[in-house]
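Asker: quick one: sequence and predicted model below, then my questions.
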Amino acid sequence: MRYNSVETHLSISYSFIGYAGDKPMELAKNKASYQLADFKNEGDLVQPTIRKNFKDTAFWQPDVITGADGRATVKVNLPDNLTTWRATARGVTADTKVGATKYKVVARKDVIMRLETPRFVTQGDTVTLSGIVHNYLNADKSTQISLEVDGAQLQNSGKQTVTITKQGEHRIDWQISAPNVGEIKLLAKALTDTESDAVELPLTVVPRGLHQVKNESATSADENAEKTFSLNLPPTADARARNLRIEVAPSVAGTLFGALDYLTTYPYGCTEQTMSSFLPNVIVTRALKDVKSSSIRDSNDLPKKVQKGMDRLYAYQHNDGGWGWWKDDGSDPFMTAYVVSGLTLAKQNGYQPDENRINSGREKLKQMLGSGTTENGTQIDLETRSFMVYALEESGGADSAYVEKVFSERGNLEPYGRALLALTLKQRKDDKRAREVAADIERTVIADDHFAHWESRRKAMLDFAESNDTEATALSLKALAQIKPDSSLLPRVARHLVSNRHNSFGGSRPRTRRLRSSDSSTISR
């Protein structure tokens, strides 16, 4: 037996529901039934996977172990970049047989949506964004291109439909205005009935106005201590543009260890730049001895770098024993004192500079102090004289007449020269007058409950900044630490230097000009 499965139906028994644009319409509805068919609509366009995970490195794994056959399989999920990825594999066996290979794989699509944006937008700007659609299909394609914006205002139509020829491309521009600070989210789509693509990108809106930074700091020996800070912010500041950054270090000195590797690789060119590379190497040597918890990379060969610096300084020494800025200029009082002091510091830290070079420099310093003028006949200023006397005293002793002359004019000294005078007197074991000058250092400080520093100026010197506040503060700290180690200013001065260390250690150097003196001398002291 077989069941008779034949049935008879009429089309009038069903309701057909379709769409005219985005408005539904009923074409036939004689009685209640179910939906049998639907007219074609936007659903025919292929909905894409949104690409938003973009990386420079797709994958890294240092410990792939092969089987006995020497093979290993690693599964990698590629980021959303459409690009050529290069895989590099290196292998080594237990008996040190090594090998390496490279392989390339292309991540691509037949329909690609590219979105071109600026790096950032300033609050209140109206900018143009460009979308470029590539059609690598083998047929012309009707393509719906759109942009959705979250966090900004789209000024023109965000959607249009165009026909892109096979192997062709089409560009569309949109204008957006950004009234608010924050991050804009952009979503661009290119949809066809065969393949589609979509890209989501962030775009930062920075505030229009002056960038201000306010610092607060505190120290504590109690691991459970609580600190409260009050920051007075300008009333007109945009609340959405504020950023709070908190840094914690186990000690004030610990914050500086990260600079050790940077200091030992400082570039150099002229005499001053050579000193600005040579002296940090010496200072790092001392830091590694004095602070056992400090360290630098094993590749930093300090003795080799110091010797290279000394050899270069010897090549820059003039026939009269002094140093100028270059090999073929006149000897300069400040630069001669700078090199003599630096070579002496190297000697104190276990290196062996040429004594004859130091002695020749000392004789030139004495000759210039005796005449009171530079080689071109200009008067040597008081701040430079205090540095010259300090370099002489540090390297073997200074004539009392030079010291007395600077001491008698101490009322005219800037904080930079005053600190050098105090250190000179301490070197001479003239403790009474050293404490007298140290008292002047304390009296002239600019301090609050957390920070303390000194403001100082020098005469114009090539392209050096006339302000040498950082040098003066560092030298004043050094003087007080040696003469009045119980001074209540010491922790506040140290906090100030740490809080402002980006002004002393951080910037890049000019290639053909000299570093600001506030950088070099702060490091050297």
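Answerer: Structure's in. What do you need? Numbering: from 1, shown residues only.

Asker: report how many residues lie close to Glu466.
Answerer: Number of residues near Glu466 (other Cβ atoms under 10 Å) recorded here: 11. (Glycine included, C-beta is placed from N, CA and C.)

Asker: do you know the pLDDT at it?
Answerer: Note on Glu466: pLDDT of 78.

Asker: if I look at it, how far off is Asp140?
Answerer: Distance, Glu466 to Asp140, using Cβ to Cβ, to the nearest Å: 69 Å.

Asker: cool, and Thr96?
Answerer: Distance from Thr96 to Asp140, by Cβ to Cβ: 59 Å.

Asker: and Asp430, by the same measure?
Answerer: On the measure of Cβ to Cβ, Asp430 and Asp140 end up 93 Å apart.

Asker: next one: Leu244
Answerer: Distance, Leu244 to Asp140, using Cβ to Cβ: 54 Å.

Asker: do Ala72 as well
Answerer: For Ala72, the distance to Asp140 - Cβ to Cβ - is 46 Å.

Asker: show me how far stretch 358-366 is from its chain's centre.
Answerer: 41 Å (Cα atoms, centre = their mean, to the nearest Å).

Asker: likewise for stretch 481-490?
Answerer: 33 Å.

Asker: with just CA atoms, put it into PDB.
Answerer: Backbone C-alpha positions of stretch 481-490 (Å, rounded to 0.1, in the frame of the first residue of the first chain) are rendered in PDB as follows:
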ATOM      1  CA  ALA A 481      74.400  67.100  51.600                       C
ATOM      2  CA  GLN A 482      78.200  67.500  52.200                       C
ATOM      3  CA  ILE A 483      78.100  70.500  54.500                       C
ATOM      4  CA  LYS A 484      74.700  70.200  56.400                       C
ATOM      5  CA  PRO A 485      73.600  66.600  55.900                       C
ATOM      6  CA  ASP A 486      70.800  67.200  58.500                       C
ATOM      7  CA  SER A 487      69.200  70.000  56.500                       C
ATOM      8  CA  SER A 488      65.400  69.700  56.300                       C
ATOM      9  CA  LEU A 489      65.600  70.900  52.700                       C
ATOM     10  CA  LEU A 490      67.400  67.800  51.300                       C
END
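
Asker: how many other residues sit next to Arg410?
Answerer: Counted with other Cβ under 10 Å, Arg410 comes out at 17.

Asker: let me fix that, I meant to ask about Lys227.
Answerer: 9.

Asker: sketch out the low-pLDDT regions of the stretch 251-400 of the chain for me.
Answerer: 251-269, 276-277, 284-285, 287-301 (pLDDT under 70).

Asker: do the same with the chain
Answerer: Checking the chain against pLDDT under 70 turns up 11-43, 217, 221, 250-269, 276-277, 284-285, 287-301, 460-465, 501-525.

Asker: 50 - rerun?
Answerer: 28-40, 42, 503-525 (pLDDT under 50).

Asker: mind splitting it into its structural domains?
Answerer: If you go by automatic domain parsing, the domain ranges for the chain are 111-206, 253-524.

Asker: tell me which of the ones you listed lies nearest to Pro62.
Answerer: domain 253-524 (19.0 Å; Cβ to Cβ).

Asker: please, where are all the helices along the stretch 351-500 of the chain?
Answerer: Assigned by DSSP state H, counting those that start in this stretch, the stretch 351-500 of the chain shows helices spanning 355-371, 382-395, 400-408, 415-427, 431-443, 469-483, 490-499.

Asker: now the longest one: buried residues?
Answerer: Neighbour-count burial for helix 355-371 flags 357-358, 360-362, 364-366, 368-369 (criterion: 16 or more other Cβ atoms under 10 Å).

Asker: who has more neighbours, Leu244 and Asp140?
Answerer: Using other Cβ under 10 Å as the criterion, Leu244 and Asp140 rank with Asp140 on top: 13 against 5.

Asker: what's the closest non-adjacent residue to that one?
Answerer: Distances taken as Cβ to Cβ, 6 or more residues apart in numbering put Thr165 closest to Asp140, at 5.1 Å, once the chain neighbours are dropped.

Asker: burial measure for that neighbour, as a count.
Answerer: Other residues within reach of Thr165, judged by other Cβ under 10 Å, total 12.

Asker: quick one, phi/psi of it?
Answerer: As for Thr165, its main-chain torsions (degrees, to the nearest 10) stand at phi -70, psi 160.

Asker: same thing with Tyr103?
Answerer: Backbone phi and psi, for Tyr103 under degrees, to the nearest 10, turn out to be phi -150, psi 140.

Asker: that one and Asp440, how far apart?
Answerer: Taking Cβ to Cβ, one finds Tyr103 at 71 Å from Asp440.

Asker: next one: Ala72
Answerer: From Ala72 to Asp440 the distance is 72 Å (Cβ to Cβ).

Asker: likewise Trp323?
Answerer: 31 Å.

Asker: look at these two and report which has more neighbours.
Answerer: Using other Cβ under 10 Å as the criterion, Trp323 and Asp440 rank with Trp323 on top: 30 against 16.

Asker: tell me if that one really is in a strand.
Answerer: No. Counting by DSSP: H, G, I helix; E, B strand; the rest coil, Trp323 is located in no strand; its state is coil.

Asker: and it, what does it touch?
Answerer: Trp323 makes contact with 271, 313, 316-317, 331-332, 335-336, 338-339, 361 under the criterion Cβ atoms under 8 Å, 6 or more residues apart in numbering.

Asker: between those residues, which sits nearest Asn215?
Answerer: Taking the contacts of Trp323 together and measuring to Asn215 by Cβ to Cβ, the closest member is Tyr338, at 30.8 Å.
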